[in-house]
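Student: got a predicted structure here, sequence first:
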Amino acid sequence: MKRILIFILPILFITALGLTVFGFFQARFQEEKMLDEIKRKARAVAEGTEISVKRILMENDIRTAARIVDKFQKRERLQGCVIYRNDGSIFSTTERFSDWTDKPYVREVLESGQPRGALEKYKNLPVYSYVIPETDDDGGIIGAFELIYDTSYIFNQLADLWKRLSILLVILITCIIVIFLLIQRQMIIAPIQQLTEWFRHFQKGEIDNMPPIKDKGELKKLAEEVEQVALDLRVARKAVTESSQERIKKEDFWTETKLRDTVLAKLGENAFFVVSNREPYMHVINENTDSPVCSRPASGVVTALDPILKACGGTWIAHGSGKADRKFVNSKNKLGVPPENNRYILKRVWLTKEEEQGYYYGFSNEGLWPLCHNTYTRPIFRENDWNMYKKVNMKFAENILEELPANNAFIFIQDYHFALLPRIIKEKRPDVKIAIFWHIPWPNPEIFAICPFQQEILDGMLGADIIGFHIQYHCNNFLDTVNRLIESRVDSEKFSVVRAGKETLVRPYPISVDFNIDYNHNTEDKIKEIKADFELYGKCVALGVDRIDYTKGILERMLAVDRFLAKNPEYKKEFVFIQIAAPSRSHIKKYHDFAGEIDELVEKINWEHADGDWRPIVYLKRHFSPEEIFPFYKLADICIVSSLHDGMNLVAKEYIAAKTDLKGALILSKFTGAARELNGAVQINPYSVEEFADCIKMTVEMPNEEKRKRMEEMRKNAEENNIYKWAGSIVTELTALK
């Protein structure tokens, strides 16, 4: 629109200016012409009555004078006349001008003996006055005769002229705009629309059904060139797919390459979509430099899925929550990530503060999160939060549907934020394959029945083709919940649910990490720096890495460290526990208060056990990037994961992946999903402080050979069941569905 205005406004301005200038000169010409006509008439009439007026003045004939002035009142456009004596006083006047007072110009005419004509005002009306002197036979001035003409009709005609010119101008401008728009549509918009539609089909993979370009000019040439590219790409895709299928057969273990080949072979290029609340890369404002920087948020989902998208490409759709996020997206709210090496597309969805408060902080994290975690925190459900949750799920659905290709698309929805999304998308695109993975535990039917919106949530999830959980126990809970709370048929043998004629598979897919990742080539230098900063040389170092969340067992972990040191004072100054804690959901009062409890407990324990410069707990409360955490994993002798209830917990697996030297031990809560896989961990009940403290001592004193054996076993399990196997298993099973 802006470009159209830039082009058309000069044309309209020139047209309006030209017509205005023409109207100005035309009005001036008409005005002068009509005034000249009045002047001629006034002169002729005045000269024609000169003898009669002369006689009236010489004979002082008032009756004849009255008859003459009355006669002039009845003439067209002649308002009246006035007869003056030689002293300038009025002898007789037309009744209409009875209040016409002596005029200065009349005395000038009497003195000069010359006629005078000019425009005057009478009661704010424009009139033309023509005064002629009257003389006797000897040439002496005996009086004057004034004719007064109405000139308002002149200005009325000029106003009509301007009115007609204005109408003509409007008609001309309208015609110019209409003609321009028609020309623009025919010559510019229509061809561009054809090309845009052509590219839309091309982008969505509808290469065989793309409409022909009717334009015969340069646009046609452009389309032909792109069509050739499309043909080459189609052939290349076919070759890549066949090559991928061959490589899949040869590889036993799941790797980045095998996952990429699997996705290409089964889905095709650009058909893989991941949806999550948390974005993998966010742009925030650096507080020190006041400039935008790109960072990785603290999220297990991001840790798990980022390597998958890097491996196979695709599009990740997430909430753009960074303060500087809008500065880095294109017109479609997209950007390539990672920033330094674009491997896939990130599409950001914008939410208002009200939407984020209701959908994320409210319903998701004050309702569903405590409902699904057995940590004895009461869930809060508000009607307004539920409405925002539905609204945001619909907004994400609209953004996803915009991106879907014509066919062969796979949408991988993450977590409890989008329980309604599968059903919404399936109603619009029943051909699309959808999987939703629930990263947190699923409670038993009695607990889930607390949710007032239980049926809507279950119905929304059952719109997916596959629903995934970390462990079989959560799958069983889900099937029991569906069986009791919603009308459906549960097949216990196939582990599926049939609702309204549609079958949904329910499967356990234990999530993992990228086992071979190495975040930093200068790890040894970083380790030395950390040891020097916190005086860790010669000490046994235990590590905890968590978001500040009441489900992670952070308080229980610190109480166990406190009890361990109280029962084993010989380890004072020999043992240090480092807690890396990323602030999370601080808008929620429960989280805000919980962070304060941790601060108080750390201060209390450090005060009780302090000895000189030594403190038992190093509490690092800020966001750490994966690259920053990696050296801590490498140097830690023990990693403590004490979640009170967890779907899987990837910190445990990240620690194992980092311990390439096999020097380390894992203390793991039996209430995590990871406890089912990592048999080499020292498993604890985080609620039992005494047992927890004793397990810390046992792990500290465990022989190196046993630690090595346990770590080797856990690494073997994690290496085989890595993140690529997790994603590959879901893709393989999903694409096998008919």
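Tutor: Great, that's in hand. Owing to the predicted nature of the structure, the values given are computational and were not obtained by experimental measurement. Numbers count the residues shown, from 1 in each chain.
Student: so who does the most centrally placed residue in the chain touch?
Tutor: The C-alpha lying nearest the average C-alpha coordinate of the chain belongs to Trp350 (CA atoms, centre = their mean; 3.3 Å). Contacts were defined as CB atoms under 8 Å, 6 or more residues apart in numbering; by that measure Trp350 touches His319, Gly320, Arg326, Asn333. No exception for glycine: its C-beta is placed from N, CA and C like everyone else's.
Student: run a quick neighbour tally on Asn568.
Tutor: Residue crowding around Asn568 was assessed by other CB atoms under 10 Å; the count is 17.
Student: per-residue confidence for it?
Tutor: Among the per-residue scores, Asn568 shows a pLDDT of 97.
Student: that older thread, pull the most distant pair out of the contacts of Trp350.
Tutor: Between any two of the contacts of Trp350, the greatest separation by CB to CB is 12.6 Å, found for His319 and Arg326.
Student: can you list residues touching both of these two?
Tutor: Overlap between the contact sets of His319 and Arg326, as judged by CB under 8 Å, 6+ apart, is given by Arg348, Trp350.
Student: who's more crowded, these two?
Tutor: Of the pair His319 and Arg326, His319 is the one with more neighbours under other CB under 10 Å, namely 23 against 12.
Student: which residue, other than its chain neighbours, is closest to Phe72?
Tutor: By the measure of CB to CB, 6 or more residues apart in numbering, the closest residue to Phe72 outside its immediate chain neighbours is Cys81, 4.4 Å from it.
Student: quick one: low-confidence ranges for the stretch 201-350 of the chain?
Tutor: For the stretch 201-350 of the chain, applying pLDDT under 70 flags the ranges 201-252, 268-270.
Student: please apply the same query to the stretch 51-200 of the chain.
Tutor: Within the stretch 51-200 of the chain, the segments meeting pLDDT under 70 span 73-79, 101-102, 184-200.
Student: that one: strands as residue ranges?
Tutor: Under the criterion DSSP state E, counting those that start in this stretch, the stretch 51-200 of the chain carries strands at the ranges 78-85, 90-93, 116-122, 125-135, 141-150.
Student: and those: which comes nearest Ala298?
Tutor: Nearest of the strands of the stretch 51-200 of the chain to Ala298, taken as CB to CB: strand 125-135 at 84.3 Å.
Student: and Leu620, how many residues sit next to it?
Tutor: A count of neighbours around Leu620, defined by other CB under 10 Å, yields 14.
Student: am I right that it is in a strand?
Tutor: Yes: remark: Leu620 belongs to a strand, assigned using DSSP: H, G, I helix; E, B strand; the rest coil.
Student: please name the nearest non-neighbouring residue to it.
Tutor: Ile580 (5.0 Å).
Student: and for Thr481?
Tutor: Using CB to CB, 6+ apart and skipping the chain neighbours, the partner closest in space to Thr481 is Pro445 (4.4 Å).
Student: model confidence for that neighbour, exactly?
Tutor: Per-residue confidence (pLDDT) for Pro445: 97.
Student: with the one 3 residues further on instead?
Tutor: Note on Phe448: pLDDT of 97.
Student: what's around it, how many residues?
Tutor: By other CB under 10 Å, 22 other residues sit near Phe448.
Student: now do the contacts for it.
Tutor: Contact criterion CB under 8 Å, 6+ apart gives Leu371, Trp442, Gln454, Thr481, Leu485 as the residues in contact with Phe448.
Student: which of the residues you listed tops the neighbour count?
Tutor: Counting neighbours by other CB under 10 Å, Trp442 comes out on top of the contacts of Phe448 with 26 neighbours.
Student: coming back round to it: hmm, the residue nearest to Phe72 is touching Ile68, no?
Tutor: Yes: applying CB atoms under 8 Å, one finds Cys81 in contact with Ile68, separated by 7.5 Å.
Student: between these two, who's got more neighbours?
Tutor: Using other CB under 10 Å, the more surrounded residue of Cys81 and Ile68 is Cys81, with 27 against 19.
Student: run through the bridge partners of that one.
Tutor: When bridges are called by DSSP bridges, Cys81 pairs up with Leu147.
Student: so how far is stretch 291-306 off the chain centroid?
Tutor: 19 Å (CA atoms, centre = their mean, to the nearest Å).
Student: now for His283: which residues touch it?
Tutor: His283 sits next to Pro292, Val293, Cys294, Ser295, Gly322, Lys323, Ala324, Asp325, Lys327, Phe328 when contact means CB under 8 Å, 6+ apart.
Student: mind checking how far it is from Glu50?
Tutor: Distance from His283 to Glu50, counting by CB to CB, to the nearest Å: 96 Å.
Student: which elements pack onto the helix or strand where Ile345 lies?
Tutor: Here Ile345 is covered by strand 344-349, with elements defined by DSSP states H and E. If you count contacts as 3 or more CB pairs under 8 Å, 6 or more residues apart in numbering; DSSP states H and E, strand 344-349 packs onto strand 315-319, strand 334-337, helix 383-403.
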